[in-house]
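Novice: quick one: sequence plus predicted model below, questions after.
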Amino acid sequence: MSNQFLLNSVGIGGAIFVGLVIFWFVFVYLKRRMTSDTSHQGITAAAQVAYAEKRRHPRIEINWPAAIVDPKHPTTVHLKDISLGGAFVVCQALPDLQNQFKISIQLPEFGAVVLNAIPVWSNFNMPIEKVVNRGMGIKFVNNGTQERQRLQDALAAAFDKLDDGQNR
């Protein structure tokens, strides 16, 4: 009787152990499979949050007209989002910009402001089906106190309008 009980106990324990090992392998396989599928879709939501948290200045989605100031090839563009530190410029063709350039932004209720900027990245090398808006990210650099203050005032007004719209 005790031999039979011992054999049954070892058999049941072995079956549970094998079941746990199989469950662990399936779990790891599915987790890797799901992770690799999301990597083909671009940045995951967690990565977007982590990236957004690294920004020094809060961004706001806007649709402001702007122009790249270039005596040879002035380019009309518009801004999709903006912060005190930079903006996303929507443009149909990548301007020939390798260094600092000037961009004139039409600030609602504050008029135009001309800022110095540098291109940081662009999505012109990506397939068209992967891009919602063609454009480039720019960083504002070497701007005077007066220009920065006008931009800051316009951003504060835009944030206030956003808050008013959400609180109604």
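Specialist: All right, it came through fine. Treat the numbers as computed from the prediction; the structure is a model and nothing was measured. Numbering: from 1, shown residues only.

Novice: and after the longest strand belonging to the chain, which helix or strand comes next?
Specialist: Assignment by DSSP state E gives strand 111-122 as the longest strand of the chain. Heading C-terminal from strand 111-122, the first helix or strand you meet, by DSSP states H and E, is strand 135-140.

Novice: so what does the helix or strand just after that following strand touch, helix or strand wise?
Specialist: Next helix or strand after strand 135-140 toward the C-terminus (DSSP H and E): helix 145-167. With contacts defined as 3 or more CB pairs under 8 Å, 6 or more residues apart in numbering; DSSP states H and E, helix 145-167 has these neighbours: strand 60-69, strand 101-107, strand 111-122. In short, each C-beta sits where N, CA and C put it, glycine included.

Novice: between helix 145-167 and strand 111-122, how many degrees?
Specialist: Using axes from the mean of the first three to the mean of the last three CA atoms, to 10 degrees, the inter-axis angle of helix 145-167 relative to strand 111-122 is 90 degrees.

Novice: give me the phi and psi for Gln4.
Specialist: Main-chain dihedrals, Gln4, degrees, to the nearest 10: phi -70, psi -40.

Novice: could you number the chain from 5 rather than 1 from now on?
Specialist: In the new count, where the first residue is 5, that last one comes out as Gln8.

Novice: what count of nearby residues applies to it?
Specialist: When neighbours are defined as other CB atoms under 10 Å, Gln8 has 8 of them.

Novice: which residues does the longest strand of the chain contact?
Specialist: Strand 115-126 has contacts (CB atoms under 8 Å, 6 or more residues apart in numbering) with 73, 90-91, 98, 101-111, 139-147, 151, 154-155, 158.
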